[in-house]
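In: structure of the sequence below:
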Amino acid sequence: MQPYVTIRHTLIALVEDKPGVLNRVASLFRRRNFNIASLNVGRTEKPDISRMTIVVDEDGSSPLDARRVEANLYKLVNVMDVQDVTNQPAVFRDLALVKVKATPAQRSEVANLAGIFRANIVDVAPDSVIVEITGTEDKIESLVELLRPLGILEMVRTGQVAMTRGTASGARYVPGTNGNGHYVD
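Out: Predicted structure coming up:
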């Protein structure tokens, strides 16, 4: 039996900046039994529009078609646009704050590790430091693994954000069809 391979799909949805939109999107994923690996919502250059970056996993046990997810998102009245940037030239970033146990003698070790990963120490307390790192998921995971032996006291991550490179946009599929003209539920 073949082991399941996890495939990550990254979707960007532009939505109206109104109360309840995030709840409706999350409920859609729950009802359709799609697992959200990461969800990030923030303002855009337009005051009445928010941008959602949604990362969903397909593990092979329940095939997830990005077109099907997109079609379901378009069913929501507040969703204005959906792009699949999974296989597009794009910049993907995550941000993490990591509070590490550090005595005054250990601070230089933490600072050296942070420097290697172009991370910043943003707070120093008598017994800890907070490291801020921005980058790909792999980069953040690598730093976290090196900091773990020192003692991670607390960590928070934003989740992935993505933006296509240049003037290109992500792939868009026809709402309500699977590309062959068949309606997708």
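In: all strands of this structure, in order?
Out: 7-16, 36-43, 49-58, 79-84, 90-101, 120-125, 128-135, 152-157, 161-164 (DSSP state E).
In: give me the mean pLDDT for stretch 99-106.
Out: In this model, stretch 99-106 has an average pLDDT of 95.
In: can you put the strands of the chain in JSON lines and add distance to Glu145 and mean neighbour count?
Out: No exception for glycine: its C-beta is placed from N, CA and C like everyone else's. As requested, the strands of the chain are exported to JSON lines (distance: least, Cβ to Cβ, whole Å; neighbours: other Cβ atoms under 10 Å):
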{"stretch": "strand 7-16", "distance to Glu145": "20", "mean neighbour count": "19"}
{"stretch": "strand 36-43", "distance to Glu145": "19", "mean neighbour count": "15"}
{"stretch": "strand 49-58", "distance to Glu145": "21", "mean neighbour count": "20"}
{"stretch": "strand 79-84", "distance to Glu145": "31", "mean neighbour count": "19"}
{"stretch": "strand 90-101", "distance to Glu145": "11", "mean neighbour count": "18"}
{"stretch": "strand 120-125", "distance to Glu145": "18", "mean neighbour count": "13"}
{"stretch": "strand 128-135", "distance to Glu145": "12", "mean neighbour count": "20"}
{"stretch": "strand 152-157", "distance to Glu145": "10", "mean neighbour count": "14"}
{"stretch": "strand 161-164", "distance to Glu145": "23", "mean neighbour count": "18"}
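In: with distance to Ser108 as added columns, please give those in JSON lines.
Out: Formatted as JSON lines, the strands of the chain follow (distance: least, Cβ to Cβ, whole Å):
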{"stretch": "strand 7-16", "distance to Ser108": "37"}
{"stretch": "strand 36-43", "distance to Ser108": "33"}
{"stretch": "strand 49-58", "distance to Ser108": "36"}
{"stretch": "strand 79-84", "distance to Ser108": "44"}
{"stretch": "strand 90-101", "distance to Ser108": "13"}
{"stretch": "strand 120-125", "distance to Ser108": "11"}
{"stretch": "strand 128-135", "distance to Ser108": "11"}
{"stretch": "strand 152-157", "distance to Ser108": "18"}
{"stretch": "strand 161-164", "distance to Ser108": "32"}
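In: looking at those, which is nearest to Arg172?
Out: Taking Cβ to Cβ, strand 79-84 is the member of the strands of the chain nearest to Arg172, at 5.9 Å.
In: which other helices and strands contact the closest one?
Out: strand 7-16, helix 66-74 (3 or more Cβ pairs under 8 Å, 6 or more residues apart in numbering; DSSP states H and E).
In: tell me the angle that strand makes with strand 90-101.
Out: Relative orientation of strand 79-84 versus strand 90-101 (axes from the mean of the first three to the mean of the last three Cα atoms, to 10 degrees): 90 degrees.
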